[in-house]
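In: Show me how the following folds:
(4 chains)
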2 protein chains.
Amino acid sequence: MTDLARLLLEARRALATELDADLEERGFPDLRPGHAALFLSIDRRSGSRLTDLAEHVRLTKQAMMALVDDLESLGYVRRVPDPNDARAKLVRLTARGRRAAAECRRAVQSVEQRTKRQLGDRRFDTLREALEELAEPSSAEGA
Amino acid sequence: MTDLARLLLEARRALATELDADLEERGFPDLRPGHAALFLSIDRRSGSRLTDLAEHVRLTKQAMMALVDDLESLGYVRRVPDPNDARAKLVRLTARGRRAAAECRRAVQSVEQRTKRQLGDRRFDTLREALEELAEPSSAEGA
DNA sequence: CCCGTATGGTCAACCTCGTTGACCATAGCC
DNA sequence: GGCTATGGTCAACGAGGTTGACCATACGGG
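Out: Purely as a prediction, here's the structure:
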């Protein structure tokens, strides 16, 4: 079991490393896998709220904040006030951000395709399914 | 893909949390899942070298050191000089350590059994297999 | 016998990815 | 008009690792 846990960690790291390398090849060495998830979730036109992004990616808003801070300081994203809610801000892609988002999609696609090829569609699906079941909080019930 | 990575993380966390809770119920609230791996790897009679433990668990020796430091300060383990090699030390279970190790084995077994039941043996095996393939460094080749 | 290299353990610094807790400002209901 | 809920933010921390540098001992070859 401890090795299962370790395998989960290592598999994740392998995937992350691969995506990272892919992103770098595409000219975005400053983007890390975590950012990609944000790029895939953000609304391309109007932008998205921090809270919505966090929820979509299943992160705390604080964690999402850190990602947005990164991307903002790198010039991929800008925070603009939400016209409909003075508390909120919209995280909006800059022109550069739109390019990056597009490459992220491709990079993610590419890794996913390769993984599917490596594993075969059936095992890939089984893997995802099994992980979803394990990841559910309900797993650890029943003392 | 980014969600696959996330699932790997979450699945791992779920497993770790479950093991942690199990360990606590067994009276070892100060043990964390990382320690369990050590307990499962250590030679119960003569003890094991740090390097061997690290290798067995696929950790750097520095990371293993931290675990051993923990367990030593908690009184589960002692470092004794290796009679066959003045450079080396043997990490040896104390009496308390032996009890803890036994409970760790049971806790790990228990989580593993439950997981197998949850997933079914076939999917469990597929999962492990798939993870092993993904975790291999060879996965990310070919730019 | 002595030297160079390999190996075992250790220290220090750092990173990623995430968490919880506390707060403030604005929303929005009654 | 006040009360609670919500959006964003700051600060601190934790787990679980990594790399790099080092020192002492081991061990093989001249």
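In: from here on, contacts and neighbour counts on C-alpha atoms
Out: Fine.
In: Just to be sure, residue A:87 is in a helix?
Out: No. Counting by DSSP: H, G, I helix; E, B strand; the rest coil, residue A:87 falls outside a helix, being strand.
In: Chain B versus that one, what's the distance?
Out: Counting by Cα to the nearest Cα, to the nearest Å, the separation of residue A:87 from chain B is 29 Å.
In: again, but for residue A:89
Out: Distance from residue A:89 to chain B, counting by Cα to the nearest Cα: 25 Å.
In: If I follow the layout properly, that residue ends up in contact with residue A:78?
Out: No. Using Cα atoms under 8 Å, residue A:89 is not in contact with residue A:78, being 9.6 Å away.
In: For the residue positioned nearest the centre of chain A, give its distance to DNA strand D.
Out: By Cα atoms, centre = their mean, chain A has its centre lying nearest to residue A:37, at 1.7 Å. Distance, residue A:37 to DNA strand D, using Cα to the nearest atom of the strand, to the nearest Å: 17 Å.
In: Packing partners of the lowest-mean-pLDDT helix or strand in chain A?
Out: Ranked by mean pLDDT, DSSP states H and E, the weakest helix or strand in chain A is helix A:2-25, scoring a mean of 92. Contacts defined by 3 or more Cα pairs under 8 Å, 6 or more residues apart in numbering or on different chains; DSSP states H and E place helix A:2-25 against helix A:33-41, helix A:95-119, helix B:2-25, helix B:33-41, helix B:121-135.
In: can you list those in JSON lines and add distance to residue B:72?
Out: Formatted as JSON lines, the helices and strands packed on helix A:2-25 follow (distance: least, Cα to Cα, whole Å):
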{"stretch": "helix A:33-41", "distance to residue B:72": "36"}
{"stretch": "helix A:95-119", "distance to residue B:72": "41"}
{"stretch": "helix B:2-25", "distance to residue B:72": "18"}
{"stretch": "helix B:33-41", "distance to residue B:72": "11"}
{"stretch": "helix B:121-135", "distance to residue B:72": "31"}
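In: closest one to residue A:73 among these?
Out: helix A:95-119 (11.7 Å; Cα to Cα).
In: between that closest one and helix A:2-25, how big is the angle?
Out: If you take axes from the mean of the first three to the mean of the last three Cα atoms, to 10 degrees, helix A:95-119 sits at 130 degrees to helix A:2-25.
In: Identify the residues contacting helix A:95-119?
Out: With contact meaning Cα atoms under 8 Å, 6 or more residues apart in numbering or on different chains, helix A:95-119 is reached by A:15, A:18-19, A:22-23, A:26, A:28, A:36, A:39-40, A:44, A:75-77, A:124, B:1-2, B:130, B:133-134.
In: Make a ChimeraX selection of whichever of those turn out to be buried.
Out: Buried residues within the contacts of helix A:95-119, by 16 or more other Cα atoms under 10 Å in any protein chain shown, are selected in ChimeraX with:
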select /A:15,18,19,22,23,28,36,39,40,44,76,77,124 /B:1,2,130,133,134
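In: From DNA strand D, how far off is residue A:24?
Out: 19 Å.
In: Compute the number of surrounding residues for that residue.
Out: 15 (other Cα atoms under 10 Å in any protein chain shown).
In: what's the answer for residue A:87, then?
Out: As a burial measure, residue A:87 scores 8 neighbours (other Cα under 10 Å).
In: List the contacts of it.
Out: By Cα under 8 Å, 6+ apart, residue A:87 has no neighbours at all.
In: got a list of what the residue of chain A found nearest DNA strand C touches?
Out: Closest residue of chain A to DNA strand C, Cα to the nearest atom of the strand: residue A:86 (3.4 Å). Going by Cα under 8 Å, 6+ apart, residue A:86 touches no other residue.
In: Also residue A:123?
Out: So residue A:123 contacts B:126-127, B:130 (Cα under 8 Å, 6+ apart).
In: Likewise for residue A:64?
Out: Neighbours of residue A:64 in contact, by Cα under 8 Å, 6+ apart: A:50, A:53-54.
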